[in-house]
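K.L.:
Kindly generate the corresponding structure for this input.
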Amino acid sequence: MMGYALSRGTFRGSSRGGGFSLIELMIVISIIGIISMIAYPMYTDNVRQSRRAEARAILQDYAARQERFFSRNNTYANTFGATGLNVPATSENGHYTLALGTLPAPLNSYASSFVITATATGAQAEDAGCLTFTIDSQGTRTGCW
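P.N.:
Below you'll find the predicted structure:
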C-alpha cells in the first residue's frame, strides 16, 4: 500500500515536473525570432561599414606608394605590377577590386597624375550607398570617406 500511495501522490502532486510547457517554449522562440529580425540587419550593416575601412586604408596605402614611385621615377606607375609598386589589384580580404588610371602629361608620355578606384565585390556589393571609393594624385577623394 505504501508504494501505491507514494507513486499516486508523486503523480498527482507535481503534474508539471521540471519541464516547460509548449506555450512557454513558443513564446521564447517568438521572442528570439523578433530580436533576430531586428539585430541581423543591424549586424550586416555594421559589417559592411567596417569593410569600408579596408577600402579607405588600401587606397591611402596605394596612393602613398604611387607618390614614392613618382619621387624615384618622375612618373606615376601605370599598372599595379610596376616595378617598385608591385601590389595586388584586390583588397586583402577580397571585398574590393582596384583599378588604376593614369593621365599622360601634355608634352610627353610620362604619367602626370593617377586615379585609384576601389569597387565593392561579392557580399560588399550589396552596400548600395558606397560601391566605389577613389583617390587621385591631388589627394581628392570621392565615395564614403
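K.L.:
Taking the centroid of this protein, which residue is nearest it?
P.N.:
Centroid check for the chain by Cα atoms, centre = their mean gives residue 51 as the closest residue, at 2.9 Å.
K.L.:
thought it was touching residue 93?
P.N.:
Yes: proximity of residue 51 to residue 93 meets the contact threshold set by Cβ atoms under 8 Å, at 7.4 Å. Where C-beta positions appear, they are placed from N, C-alpha and C, glycine not excepted.
K.L.:
Toward the C-terminus from the longest helix along the chain, list the very next helix or strand.
P.N.:
Taking DSSP state H as the criterion, the chain has its longest helix at helix 22-73. The helix or strand immediately downstream of helix 22-73 is strand 96-104, counting by DSSP states H and E.
K.L.:
Take that next one, keep the C-alpha atoms, and write them as PDB.
P.N.:
The C-alpha trace of strand 96-104 is given here as PDB (Å, rounded to 0.1, in the frame of the first residue of the first chain):
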ATOM      1  CA  TYR A  96      37.100  45.400 -53.300                       C
ATOM      2  CA  THR A  97      38.700  45.300 -56.700                       C
ATOM      3  CA  LEU A  98      41.100  48.100 -57.500                       C
ATOM      4  CA  ALA A  99      41.700  49.900 -60.800                       C
ATOM      5  CA  LEU A 100      44.500  52.300 -61.600                       C
ATOM      6  CA  GLY A 101      44.200  55.100 -64.200                       C
ATOM      7  CA  THR A 102      46.900  57.500 -65.200                       C
ATOM      8  CA  LEU A 103      46.900  60.500 -67.400                       C
ATOM      9  CA  PRO A 104      49.900  61.500 -69.600                       C
END
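K.L.:
Great, nothing more from me.
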